[in-house]
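Colleague: based on what follows, work out the 3D shape:
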Amino acid sequence: MTDLSKWDIPEGEFCIFGKVFANPEKADELEAIYADTARAAQSEPGIVHYTIARDREERSVFHFFERYTSKEAFAAHNSLPVIRKLLNPENNFFRDVEAKFMKPVGL
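Modeller: I've put the predicted structure just below:
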């Protein structure tokens with residue numbers, strides 16, 4: 001499981017939204033990987049919503065919105081081999097990531 005202590009994640013169901021700033025030379029490869037992860041997320045337990053979109057103007061920027069039923073579901077998602085590959089700093093996919101963890105209104 002992924003170490004969740006570095007993030008301030010709300011209890012219960014939560015959302016994550018933000019931006020990924022890809023290294024420009026990796027942006028096309030990253031888009032292909034994100035397409036696979038988005039398809040796979042449709043059947044992952046604990047994922048309510050999972051969307052990643054490439055910015056139309058800044059082609060090395062990706063926007064994301066994810067919603068999980070629990071921290072455990074988020075950790076399970078981040079433990080998948082394809083996600084571990086993305087998060088591995090040796091692969092140099094990202095310049096930066098901005099993420100906000102929020103509790104959905106009405107829950």
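Colleague: neighbours around Tyr68, how many?
Modeller: Using other CB atoms under 10 Å, Tyr68 has 24 neighbouring residues. C-beta coordinates here come from the backbone N, C-alpha and C atoms, glycine included.
Colleague: can you pull out the low-pLDDT segments for this structure?
Modeller: 1-5 (pLDDT under 70).
Colleague: so where do the strands sit in it?
Modeller: 14-22, 47-54, 61-68, 94-102 (DSSP state E).
Colleague: list of residues touching the first one?
Modeller: What that stands for is strand 14-22. 30, 49, 52, 60-68, 71, 74, 93-104 (CB atoms under 8 Å, 6 or more residues apart in numbering).
Colleague: list buried residues within those.
Modeller: 30, 52, 60-62, 64, 66-68, 71, 74, 93-94, 101 (16 or more other CB atoms under 10 Å).
Colleague: taking the residues you listed, tell me the two that lie furthest apart.
Modeller: Ser60 and Lys71 (29.9 Å; CB to CB).
Colleague: with that, I have no additional questions.
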